[in-house]
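Visitor: Sequence below, structure please.
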Amino acid sequence: MKQKVKRKQPNSKMCFVCGLLNNLGLKANFYELENKKLVGIFKPKEEHQGYPERLHGGIITAIIDETIGRTIFMNSKEDVWFLTLEINVNFKKPVPLNEEIRTIAWLTKETSRTYEGQGKIVLSNGKVAAVGYGKYMKIPIQKIANFDYQEDWKVTFKKEDPKEIEI
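Guide: Below is the predicted model:
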């Protein structure tokens, strides 16, 4: 089912998952959908492999973690960031390299200090390759890192940004 994109989330400069200037990173883009799910789109390269022609399991975990973690940006009215408290991933199928992959996440529980979510990686053929659960602590960015919003966190629009995403 196609879902309308409500908003594109920012990318950082050097994050392994979303950093646009990180030459070894995934350069994932994240889109908030009208059904309150978040979709990340990325294309893993040979530098990201574990076994030949397969995405490394640690990178699969990282992209699921990032996607679930970012669900807080969709719901928060304040400047809330996150630290991962727990992440669990179950691997179902190998994730190939050099093809577009989607990761989908949604918020499942929120308290004043923490939140939880679920996510999955979907292959280009629609099959689910991995599923995950994460628990996160809400925290101001100033307590995590020296962060400059003007330099480190920007929405970069591209002509290929989707208006709708099949999930």
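
Visitor: Isn't I41 up against E100?
Guide: Yes. In this structure I41 lies within contact range of E100 using CB atoms under 8 Å: 6.3 Å. In short, each C-beta sits where N, CA and C put it, glycine included.

Visitor: More neighbours: these two, which one.
Guide: Using other CB atoms under 10 Å, the more surrounded residue of I41 and E100 is I41, with 18 against 10.

Visitor: Which strand residues bridge the more buried one?
Guide: Here I41 sits in beta bridges with N29, R102, as judged by DSSP bridges.

Visitor: Same check on R54?
Guide: Bridge pairing for R54 (DSSP bridges) gives the partners P96.

Visitor: burial count for it?
Guide: R54 has 16 nearby residues by other CB under 10 Å.

Visitor: One more: A130?
Guide: Close neighbours of A130, defined as other CB under 10 Å, add up to 23.

Visitor: What ranges does this protein have for its helices?
Guide: 57-75, 149-152 (DSSP state H).

Visitor: And the residue sitting furthest away from the middle of the chain, its phi and psi?
Guide: In the chain, P52 marks the outermost C-alpha relative to the chain mean, sitting 23.7 Å out by CA atoms, centre = their mean. When read as degrees, to the nearest 10, the backbone of P52 gives phi -50, psi 130.

Visitor: Might you report the residue contacts of it?
Guide: Taking CB atoms under 8 Å, 6 or more residues apart in numbering as the criterion, P52 is in contact with no other residue.

Visitor: hey, where'd the strands end up in the protein?
Guide: With DSSP state E, the ranges of strands along the chain come out as 2-8, 29-33, 38-42, 81-91, 101-110, 114-122, 128-139, 164-166.

Visitor: With respect to H48, which of the ones you listed lies nearest?
Guide: For H48, the closest of these is strand 38-42, at 9.3 Å, according to CB to CB.

Visitor: mind saving the C-alpha coords of that closest one as PDB?
Guide: Extracted in PDB, the C-alpha atoms of strand 38-42 (Å, rounded to 0.1, in the frame of the first residue of the first chain):
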ATOM      1  CA  LEU A  38       9.100   6.300   9.300                       C
ATOM      2  CA  VAL A  39      10.900   4.900   6.200                       C
ATOM      3  CA  GLY A  40      14.600   5.000   5.600                       C
ATOM      4  CA  ILE A  41      15.900   4.400   2.100                       C
ATOM      5  CA  PHE A  42      19.500   3.400   1.400                       C
END
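
Visitor: Alright, I will stop here.
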